[in-house]
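Enquirer: Have a look at this prediction, sequence included:
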Amino acid sequence: MIIGILKEPQDEARVALLPEAVKTLISWKTSVWVESSAGASAYASDQWYQESGGEIHTRKEILEKADLICGIQPLAEAEIGQMKPGAVLMGQLSALFNPKLTDYLIQSGRTAFSMELVPRTTRAQAMDVLSSMATVTGYKAVLMAANLLPRFFPMFMTAAGSITPARVLILGAGVAGLQAIATAKRLGATVYAFDVRQAAKEEVLSLGAKFVDVEGAKEDKSAGGYAVEQSAEYLRKQKDTIHEHATKADVIITTAQIPGRKAPLLVEERTVRAMKAGAVIIDLAASSGGNCALSQPDQTVEVNGVRIVGVGNLAAEMPQDASKMYGKNYLNFLKLIIHNGELKLNFEDDIVTGTCVCHEGKPVSPRIVQMKSA
């Protein structure tokens, strides 16, 4: 079988599989075709791919002849139409957020896997691209905030007097939030963190941050570690508590998202306007509606001296390690569907089923089936 690796769009610096991953695929008795300069923005040359056993081909050749196409960003419908019959598409297709593409894949009789649908189970952890990329995002978000903040993060004792540490508020203590906490602590900030899940409290405290508690949160163990929608009474108390802490913060990093739904509003306009001039908000949920009322996707806006950065694809800011982590997740998943150099889809495996958007035009993942029936 032929596995194709395509060059990502211009604003995406990552590549789905680096040369080291290609070498592994070749050992599985597959052929790997790589589009010329696919890895250039992640500092992986065509020569390295060839030395790892890959072959350099044009985009058109890969689309028309590959049995499995591995990418990150979704392909355009026109390019999906160029794929040979029976070929499988894999990537981060945003299947729940992009129903138009999902409908096209189903109606055109395609088989597709969307890596953000990998179940949040212990067995599937090694394939969880969302967690891997959240690690990158949480780290980079703090560095971005430190660059924008007009003061130091750590405390300094100098001949000119003492500098107090910056106060950082992290909203959401999932993978990105925990990485942000750890990074902010390493930079010397005083860190506070909020999460509706009480299970996150112990992790927050273990990293040296202070947990912002709001009683009465509803939790759902079946939510795969994500937050769930809350009652109106809880949301009122939550916003008042966040407002109180936000007005004292130098930096706020928001990471809260609910799969398939608009991101919860955590930082209201009144809160932004009450914050100190020079403060920075990094909204990692901007592309799914935003945790901050005033954030704009992929834009920086300033309100009363407070800079609000609506972050989109922050993982692409660290393409080498992000690509390495993404590729490792990919390989761990591909082990489930590639056997002796052939593609064999076992839909009795809950990970394969959970990740599959559609097979030969029929919805497969329970989350896709539910979306289609809603």
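Expert: Ah, there it is. Numbers count the residues shown, from 1 in each chain.

Enquirer: Is E12 in contact with N313, as I believe?
Expert: Yes. If you go by CB atoms under 8 Å, E12 and N313 touch, sitting 6.7 Å apart. Every C-beta, even on glycine, is put in place using the N, C-alpha and C of the backbone.

Enquirer: Could you report the distance from G86 to L178?
Expert: 42 Å (CB to CB, to the nearest Å).

Enquirer: now swap in R273 and tell me
Expert: 29 Å.

Enquirer: Those two: who's more crowded?
Expert: Using other CB atoms under 10 Å, the more surrounded residue of R273 and L178 is L178, with 24 against 12.

Enquirer: The more buried one: helix or strand, and which one exactly?
Expert: helix 175-186 (DSSP states H and E).

Enquirer: buried residues in that helix?
Expert: Within helix 175-186, the residues that count as buried by 16 or more other CB atoms under 10 Å are 175-185.

Enquirer: Look up the closest residue to L93, ignoring the ones flanking it.
Expert: Leaving out its chain neighbours, the residue that sits closest to L93 by CB to CB, 6 or more residues apart in numbering is S114, at 3.9 Å.

Enquirer: if I pick the one you found, what's in contact with it?
Expert: Neighbouring residues of S114 by CB atoms under 8 Å, 6 or more residues apart in numbering: 90-95, 355, 357, 365.

Enquirer: Quick one: the strands in the stretch 101-250 of the chain, in order.
Expert: For the stretch 101-250 of the chain, the strands defined by DSSP state E, counting those that start in this stretch cover 111-114, 156-158, 161-163, 167-171, 190-194, 210-212.

Enquirer: possible to save those as CSV with distance to P319 and mean pLDDT?
Expert: Listed next are the strands of the stretch 101-250 of the chain as CSV, based on distance: least, CB to CB, whole Å; pLDDT from 0 to 100:
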stretch, distance to P319, mean pLDDT
strand 111-114, 21, 98
strand 156-158, 33, 87
strand 161-163, 34, 88
strand 167-171, 25, 98
strand 190-194, 28, 97
strand 210-212, 34, 96
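
Enquirer: Using JSON lines, lay out the ones you listed together with distance to A293.
Expert: What follows is the strands of the stretch 101-250 of the chain, written out as JSON lines (distance: least, CB to CB, whole Å):
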{"stretch": "strand 111-114", "distance to A293": "30"}
{"stretch": "strand 156-158", "distance to A293": "34"}
{"stretch": "strand 161-163", "distance to A293": "31"}
{"stretch": "strand 167-171", "distance to A293": "13"}
{"stretch": "strand 190-194", "distance to A293": "17"}
{"stretch": "strand 210-212", "distance to A293": "19"}
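
Enquirer: Nearest approach to K372 belongs to which of those?
Expert: strand 111-114 (14.0 Å; CB to CB).

Enquirer: who does that closest one pair up with?
Expert: Applying DSSP bridges, strand 111-114 is found paired with strand 88-91 (parallel), strand 356-359 (antiparallel).

Enquirer: What sits closest to D46 if chain neighbours are left out?
Expert: Once flanking residues are discounted, D46 sits nearest to I56: 5.2 Å by CB to CB, 6+ apart.

Enquirer: To clarify, my last question referred to A209.
Expert: Per CB to CB, 6+ apart, closest to A209 is V191, 4.0 Å.

Enquirer: got the contact list for that neighbour?
Expert: By CB under 8 Å, 6+ apart, the residues touching V191 are 168-170, 181, 184-185, 207-210.

Enquirer: cool, Q47 as well?
Expert: By CB under 8 Å, 6+ apart, the contact set of Q47 is empty.

Enquirer: so it is in which element?
Expert: Short version, using DSSP H and E: Q47 is in helix 46-51.

Enquirer: Q73 contacts V15, doesn't it?
Expert: No. Using CB under 8 Å, Q73 makes no contact with V15, being 10.9 Å away.

Enquirer: Between the two, point out the one with more neighbours.
Expert: Using other CB under 10 Å as the criterion, Q73 and V15 rank with V15 on top: 33 against 18.

Enquirer: Give me the phi and psi for that one.
Expert: In terms of degrees, to the nearest 10, the main-chain angles of V15 are phi -130, psi 150.

Enquirer: didn't it look like it was pressed against S323?
Expert: Yes. Contact criterion CB under 8 Å: V15 and S323 qualify, at 5.1 Å.

Enquirer: anything in contact with each of the two?
Expert: Joint contacts of V15 and S323 (CB under 8 Å, 6+ apart) are 39, 42, 44.

Enquirer: No further questions, thank you.
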